[in-house]
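Enquirer: return a 3D structure for these sequence lines:
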Amino acid sequence: MANPPMNVTQLAAFDTAHAARMLSAVREATLSGQRAPLAPRPVIEDSWGRMLRGGVDPDHDFRSGLLTPDEVRRRREESPLLPVLPVLREGLLSVADAARHIMVVADADARVLWREGSVPVLRRADSLGFEIGADWREHVVGTNGVGTPAVVRRPVQVFASEHFVRSHATWTCAGAPITDPRDGRLIGVVDVSGPLETMHPATLAWVDAVAKLAEARLRELHLTSLERLRAVAAPVLARVGGRALVMDRDGWTAAVTGVPYTSRTALPKSLSAGRRWLPGLGTCSLEPLAGGWLVRAAADGPQQPRAGTRIVLDLTQPRRWSVAVSGGAGEWCRELSPRHAELLFLLARRPAGRSAAGLAEDLFGDGGRTVTVRAEMSRVRRYLEGFLEHRPYRFCEDLDVEVLLPDDPDDLLPHSSAPAVRAARRASP
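Expert: Got it, this is the predicted structure:
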């Protein structure tokens, strides 16, 4: 029988030194292939597995080149996290400094852009290479509180020898990803770190709560910008005949006239004024507005230019799955939720299509869960309208559909428990 996973926070709350020694024994046994006294936590065990498969050396403290000051300055100025720095500082810094922690804010590439807090702890961080401009991606420096949350897209606390690289075992950190509420895209990670003895079981919940406050602030700023655009749109649409709408530069709808309201339209990667094809609208005429676009839709409704269209389902990056469309429909890309990534993968594997009951069997092992499948497929078809057929569900026959898979079969939708996905992992060479 497998050993139960170690309850790090419970052990550390009573005796930090004892917990660190236990973790060191767990790490050494696990990495050497021996039976450990306790199993590492699943999120840590998964990360260690990625490090071993990726060839990260646990005994080598590798540091890539720092960003130049000019590049750090450029990234800070362009960072979508810049407007929420006051939220992060207010929520974290006063307590972090008193508790001998530092606050670290990294971008989506896990590059450290801001770092503040206890001066002695900042000096200790320097000795680990945890400094402004450092590359803290998981596959560069091993399991850590910045790179690992960026991979798994959820808050992670890494304590002592849970760090994959041995030299980081004197450190404790808790990080939470911050996503853009407009599109779910990862835009950075906020982390609170400090020496081993500063570990506290409540730190992760605290950091996660502040990250969510930052996301709420970004959502508020976005709604405010849409309200400003709506004020501009009202008199414009009043003068426009036919089918039209005003959207912001990310495709979020501010106002419509003559067309059904949809909250967002997938836009091409590069958009300029003129005639363009847009999902759900067909061929449109685009005119720039302050903060967005005036979109005049064709009078005869949307037509899908499918001939020569290529669809690429990219499943190579953990938790960063996407579908890209290129061809007569223009070029656009959309990040996928775990469920939508599963559905599109299953449909790509079955060109003849699957019924709702078949997809329910593939996803849940229960053909009766058709209501859930139909609801999710309805959401998928909102952005792949005209490229997916139903009865049965399938990609249209005249499309060129390609699926990009990870090199390691175990990394194929690694958190999916769908029977058909598990079977695909086993069947991969």
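
Enquirer: that's a helix at Ser24, yeah?
Expert: Yes: counting by DSSP: H, G, I helix; E, B strand; the rest coil, Ser24 is found in a helix.

Enquirer: burial measure for it, as a count.
Expert: Other residues lying near Ser24 total 15 when counted by other Cβ atoms under 10 Å. (Glycine included, C-beta is placed from N, CA and C.)

Enquirer: where does the closest residue to Ala418 other than its chain neighbours fall, secondary structure wise?
Expert: Nearest non-adjacent residue to Ala418, counting by Cβ to Cβ, 6 or more residues apart in numbering: Leu363, 4.7 Å away. Using DSSP states H and E, Leu363 sits within helix 356-364.

Enquirer: packing partners of that helix?
Expert: Applying 3 or more Cβ pairs under 8 Å, 6 or more residues apart in numbering; DSSP states H and E, one finds that helix 356-364 contacts helix 338-349, helix 370-383, helix 419-427.

Enquirer: ok, then the element right after the longest one?
Expert: Towards the C-terminus, the helix or strand next in line after helix 370-383, according to DSSP H and E, is strand 388-389.

Enquirer: parallel or antiparallel, list what pairs with the next helix or strand after that next one.
Expert: Following strand 388-389 in sequence order, the next helix or strand is strand 394-395 (DSSP H and E). Within its sheet, strand 394-395 is paired with strand 388-389 (antiparallel), according to DSSP bridges.

Enquirer: same for the host helix or strand of Val112, what does it pack against?
Expert: Assessed by DSSP H and E, Val112 sits inside strand 112-117. Secondary-structure packing of strand 112-117 (3+ Cβ pairs under 8 Å, 6+ apart): helix 69-78, helix 85-98, strand 102-107.

Enquirer: touching, Ala174 and Asn144? I think so.
Expert: No: using Cβ atoms under 8 Å as the test, Ala174 is too far from Asn144 to be in contact (10.8 Å).

Enquirer: overlap in contacts, these two.
Expert: Common neighbours of Ala174 and Asn144, counting by Cβ atoms under 8 Å, 6 or more residues apart in numbering, are Val158.

Enquirer: if we can go back for a sec, tell me the mean pLDDT over the helix holding Leu363?
Expert: On average, the pLDDT along helix 356-364 is 94.

Enquirer: ok, now stretch 58-73?
Expert: Mean pLDDT, computed over stretch 58-73, is 86.

Enquirer: who touches that stretch?
Expert: 31, 51, 56, 75, 111, 113, 128-129, 131-135, 140-142, 164-168.

Enquirer: again, only using 10 Å
Expert: Contacts of stretch 58-73 with the rest of the structure, by Cβ atoms under 10 Å, 6 or more residues apart in numbering, involve 27-28, 31, 48, 51-52, 56, 74-75, 109, 111-114, 128-137, 140-143, 161, 163-168.

Enquirer: quick one: buried residues of it?
Expert: By 16 or more other Cβ atoms under 10 Å, the buried positions in stretch 58-73 come out as 58, 66-67, 72.

Enquirer: how about TSV for these, with secondary structure added?
Expert: Converted to TSV, these look like this (three-state DSSP):
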residue	secondary structure
Pro58	coil
Leu66	coil
Leu67	coil
Val72	helix
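
Enquirer: ok, which pair from these is furthest apart?
Expert: The widest separation within the buried residues of stretch 58-73, taken as Cβ to Cβ, falls between Pro58 and Val72 and amounts to 28.9 Å.
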